[in-house]
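**Q** mind looking at a prediction? Sequence and model below.
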Amino acid sequence: MSDNTETQPFLKISLDSSFSVLFKNPARFLLVILLLTAWAEIIVMIIISFLPPMTIMAEALIDALLLSVIILPTSYFLIFRPLKLHMGKNEKMRTELREYRFNFNQLIKERTSEIIDANEHLQEELKKLESELIKYKKSLD
């Protein structure tokens, strides 16, 4: 392992692989969200069963509050954070691609200019050689 990976947090999960597994297939992504919601609701119902009896409105408010407390952080780490990282890497790759295209176009211009210069030089040399050949032929006659 390199030094960079050793200094990263202990709970660092490979977000690239989890992201690609989750988001490649929309059905799988929907299934993960449904399972997350069901899991959170089961936990909330267990917690509510230990509370004293209360009105339906109070129970609904506690249910909603506990669901939010469970689902929001979990969905952030399973969905939004990997998506944000993926989008950042995507933007970085697009920027690099733009730079490579620009550099490639510059290289094409430079090489084309070099080829044109070399071609002009060779044309001049060819004309000199032709004139020398004509002079040589005349001297032989």
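**A** Thanks, I have it. Source: prediction; values computed, not measured. Residues are numbered from 1 along each chain as shown.
**Q** contacts, neighbours, all on C-alpha from now
**A** OK.
**Q** rounded mean pLDDT for the helix ranked longest in the chain, please.
**A** If you go by DSSP state H, the chain has its longest helix at helix 81-140. For helix 81-140, mean pLDDT rounds to 92.
**Q** for that helix, packing partners?
**A** helix 15-24 (3 or more C-alpha pairs under 8 Å, 6 or more residues apart in numbering; DSSP states H and E).
**Q** what about Pro53, which helix or strand?
**A** Here Pro53 is covered by no helix or strand, with elements defined by DSSP states H and E.
**Q** got phi/psi on it?
**A** Dihedral pair for Pro53: phi -60, psi 140, per degrees, to the nearest 10.
**Q** what is the burial count for it?
**A** Other residues near Pro53 come to 10 when the count uses other C-alpha atoms under 10 Å.
**Q** likewise for Lys84?
**A** By the criterion of other C-alpha under 10 Å, Lys84 has 12 neighbours.
**Q** and stretch 88-107, what's buried?
**A** Buried residues in stretch 88-107, counted by 16 or more other C-alpha atoms under 10 Å: none are found.
**Q** what about Glu120, distance to Gln106?
**A** 21 Å (C-alpha to C-alpha, to the nearest Å).
**Q** remind me what the helix or strand hosting Leu36 packs against, helices and strands.
**A** Assigned by DSSP H and E, Leu36 belongs to helix 26-50. If contacts are counted by 3+ C-alpha pairs under 8 Å, 6+ apart, helix 26-50 sits against helix 15-24, helix 56-75.
**Q** any chance of those in TSV with mean pLDDT and distance to Ile42 as columns?
**A** Putting those into TSV (pLDDT from 0 to 100; distance: least, C-alpha to C-alpha, whole Å) gives the following:
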stretch	mean pLDDT	distance to Ile42
helix 15-24	58	23
helix 56-75	91	10
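**Q** closest one to Lys135 among the ones you listed?
**A** If you check each of the helices and strands packed on helix 26-50 against Lys135 by C-alpha to C-alpha, helix 15-24 wins as the nearest, at 74.1 Å.
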